[in-house]
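> just to be clear, the model below is a prediction. Sequence and coordinates:
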Amino acid sequence: MTDSPEHPSPETLSPEELMALDNRHIWHPFTQHGTESAPLLIKSAKAATLTLGDGSELLDLISSWWTCTHGHSHPALNAALAEQANAYEHVMFAGFTHAPAISVASRLVNLLPGDLNRVFYSDDGSTAVEVALKIAYQHWSNQGEPRNVFIALDGGYHGDTVGAMSVGKGCGFFSLFRDLMCEVQVLPYPSTFIGDDEVEEKEDGAIAALERLIEEYPDQIAGMILEPLLQGAGGMRVSRPSFLTRLVETAQAAGILVIFDEVATGFGRTGTMFAMEQAGVVPDMVCVSKCLTAGYLPMAATVVRDELFDSFIGDSFSRALAHGHSFTANPLACAVSLRSLQLFEEENTLKRIGEIAEKHRGFLERIADRPDVTWPRQVGSIMAFDVKGSPDYQSAQSRTLKDWFLSNGLNIRPLGSTVYLMPPFCITDAELDRAYEGIIEGLDRLAAAELSMDDKRP
Ligand SMILES: Cc1ncc(COP(=O)(O)O)c(C=O)c1O
């Protein structure tokens, strides 16, 4: 579109003019436009720092919805993107293939344990989950033994498309859509924290609930999906690797296909490349996205065991998987992904994640005795605790804290009463210390009622 008085190009607009257009034309995700403050206009981003339209800076302590790994606008990733754009930007992926997609797939399966050897590309975390659900469903149908029940865990979140919402029905965001959902049975989730002395009882309860479902739904359960070690959007709820091992072994012994949703936990977040490594189990499928492209471009993968792929082979299309997005295996995204996986090795990123984990543990010890802090927990580069008070997702307390953090240079978005950090791995120790001091000051001010708690919810 050419520059005209009605349609000026964005570069010629002031921040105020841009925001007026945003306010007039944009519907933001997961946003109640009736109550939330205006979004912040980004001008640039580098490493762990976001620069806003007015020149002020924010530390990105949640990695831009948990996507950013090596840092914003990383020179090596920028170069890989530019090089690929100069070669070709996109080609359809049915009937065509290309080196970037092949290279990422072969690196990915080498990083994953067992015979998780087949990569089905899609566009984002939700679609990776949709693909896994469809594969599980069709696998049983292809075997001539149709099954239509899925098992999920309470508090699990798997995305916003209809299948993903169905298996995420335990997270509380989607009750309105229940009539659209497929059949899902929800198990209790044994969420734990530092100093929890009831964890074994909770874990036994979850395993017993799975055993009951296995008896109640013989030959009907198509698959079980869960976020290994950490439920993200459900409130940064941590579970133990030993529980994961028991759960998966129980399900697989009963012939249930196990799907790990590593959309948030994949690529180092939990301290290992994939959370599953800590439990020593191999699911039948794993969904990855977010950090797959270091936070640069939307891309996802559902990686499945050889045996599952084989069950789709035949001489008619009716056995094949009827699924494919226009931008499947986008070469730009694959080129960045490949470079990002190389950086994990070149920069020894997992070692840095270990150091971040150590610092988080020190901080949690420091705040453990505060009267307003409860359920401290940490896994890899993620640390979380709850602030005693309102647990609602969009409570006044949560929004008050978020706004205070933002006005003090910290991009921290509490999930209800849960305050958490999930920084990009390039974050420095000094930046982490700034975040910790900011959290303490925010909590002190909240406790001293210095922060306004004007609840504008309808
Ligand atoms: C575990 C998990 N699964 C799936 C999704 C959905 O991913 P996307 O937002 O890319 O669709 C998310 C998003 O936060 C997630 O955390």
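In hand now; what should we look at?

> for the nearest residue in space to His33 that is not next to it in sequence, give me the pLDDT.
Leaving aside its chain neighbours, His33 sits nearest to Trp27 (7.4 Å; criterion: Cβ to Cβ, 6 or more residues apart in numbering). Any C-beta I mention is one placed from the backbone N, CA and C, and that applies to glycine too. pLDDT, Trp27: 98.

> for burial, what's the neighbour tally of Trp27?
6 (other Cβ atoms under 10 Å).

> which bits of the stretch 1-150 of the chain sit near the ligand?
Asp124, Gly125, Ser126, Val129 (Cβ under 6 Å from any ligand atom).

> let's see 8 Å
Trp65, Trp66, Asp124, Gly125, Ser126, Thr127, Ala128, Val129 (Cβ under 8 Å from any ligand atom).

> these two touch, right, the fourth one and Gly266?
Okay, so that is Gly125. No. Between Gly125 and Gly266 there is no contact under Cβ atoms under 8 Å: 9.9 Å.

> let's verify the residue nearest to His33: helix, strand, or coil?
Three-state assignment for Trp27 (DSSP: H, G, I helix; E, B strand; the rest coil): coil.

> quick check: it vs the ligand, distance?
16 Å (Cβ to the nearest ligand atom, to the nearest Å).

> okay, Gly125 and Gly266: which has more neighbours?
With neighbours defined as other Cβ under 10 Å, Gly125 and Gly266 compare such that Gly125 has more, 30 against 27.

> so what's Glu203 up against?
Contacts for Glu203 (Cβ atoms under 8 Å, 6 or more residues apart in numbering) come out as Pro190, Ser239, Arg240, Ser242, Phe243, Arg246.

> re earlier: hey, what's in contact with both of Gly125 and Gly266?
Ser289, Lys290.

> separation between whichever residue of the stretch 101-250 of the chain sits closest to the ligand and Val248?
The minimum distance from the stretch 101-250 of the chain to the ligand, using Cβ to the nearest ligand atom, falls at Gly125 (2.1 Å). Distance, Gly125 to Val248, by Cβ to Cβ, to the nearest Å: 21 Å.

> flag every buried residue along the lowest-mean-pLDDT helix or strand in the chain.
One helix or strand of the chain scores below all others by mean pLDDT, DSSP states H and E: helix 396-407, with a mean of 88. Buried residues in helix 396-407, defined by neighbour count with 16 or more other Cβ atoms under 10 Å: Ala396, Gln397, Ser398, Arg399, Thr400, Leu401, Lys402, Trp404, Phe405, Leu406.

> what's the first helix or strand after that helix?
Where DSSP states H and E defines the elements, the next helix or strand beyond helix 396-407 is strand 410-411.

> pLDDT of that following strand, averaged?
98.

> got a list of contacts for the following helix or strand past that strand?
For strand 410-411, the succeeding helix or strand toward the C-terminus, using DSSP H and E, is strand 418-421. Residues outside strand 418-421 that contact it (Cβ under 8 Å, 6+ apart): 61-62, 235-236, 360, 382-387, 401, 412, 414, 432, 435, 439.

> any residue of the strand or helix carrying Gly223 touching the ligand?
Here Gly223 sits within strand 221-226, counting by DSSP H and E. No. Using Cβ under 8 Å from any ligand atom, we find that strand 221-226 stays clear of the ligand, coming within 9.3 Å at best.

> going forward, begin numbering at 39 instead of 1
Renumbered: residue one is now 39, and that last one reads strand 259-264.

> direction included, what does that strand pair up with?
Strand pairing for strand 259-264, determined by DSSP bridges: strand 187-191 (parallel), strand 295-299 (parallel).

> so of these, which one's packed in deepest?
strand 295-299 (a mean of 29; mean count of other Cβ atoms under 10 Å).

> near the ligand, which residues of the stretch 189-338 of the chain show up?
Counting by Cβ under 8 Å from any ligand atom, the stretch 189-338 of the chain sits next to the ligand at 194-199, 202, 206, 265, 269-271, 299-303, 325, 327-328, 336, 338.

> kindly recompute the last result at 6 Å.
Tyr195, His196, Gly197, Glu265, Gly270, Ala271, Asp299, Val301, Ala302, Ser327.

> got these as a markdown table, with secondary structure columns?
Shown next, in a markdown table, are those (three-state DSSP):
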| residue | secondary structure |
| --- | --- |
| Tyr195 | coil |
| His196 | coil |
| Gly197 | coil |
| Glu265 | coil |
| Gly270 | coil |
| Ala271 | coil |
| Asp299 | strand |
| Val301 | coil |
| Ala302 | coil |
| Ser327 | coil |
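
> report the backbone C-alpha coordinates of stretch 265-273 in PDB.
Output of stretch 265-273 as PDB, limited to C-alpha atoms (Å, rounded to 0.1, in the frame of the first residue of the first chain):
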ATOM      1  CA  GLU A 265       3.000 -31.200  30.200                       C
ATOM      2  CA  PRO A 266       6.000 -33.000  31.700                       C
ATOM      3  CA  LEU A 267       7.400 -31.600  34.900                       C
ATOM      4  CA  LEU A 268       5.800 -28.100  34.600                       C
ATOM      5  CA  GLN A 269       2.300 -26.900  33.800                       C
ATOM      6  CA  GLY A 270       2.900 -23.500  32.400                       C
ATOM      7  CA  ALA A 271      -0.200 -21.400  31.900                       C
ATOM      8  CA  GLY A 272      -2.000 -23.500  34.600                       C
ATOM      9  CA  GLY A 273       0.100 -21.600  37.100                       C
END
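
> contact partners for Ala244?
Leu191, Leu225, Pro226, Tyr227, Pro228, Phe281, Leu285.

> did I read that right, Lys84 in a helix?
No. Lys84 is assigned strand when assessed by three-state DSSP, not a helix.

> please report how far the residue nearest to it when sequence neighbours are not counted lies from Ala86.
Excluding the flanking residues, the one nearest Lys84 by Cβ to Cβ, 6+ apart is Ser111, at 5.2 Å. Distance of Ser111 to Ala86, computed by Cβ to Cβ: 11 Å.

> which of those two has more neighbours?
Legend: neighbour count by other Cβ under 10 Å for Ser111 and Ala86, higher for Ala86 (23 against 13).

> wait, isn't the more buried one in contact with Asp467?
No. Using Cβ under 8 Å, Ala86 makes no contact with Asp467, being 11.7 Å away.

> how many residues are close by Arg399?
So Arg399, with other Cβ under 10 Å, has 14 neighbours.
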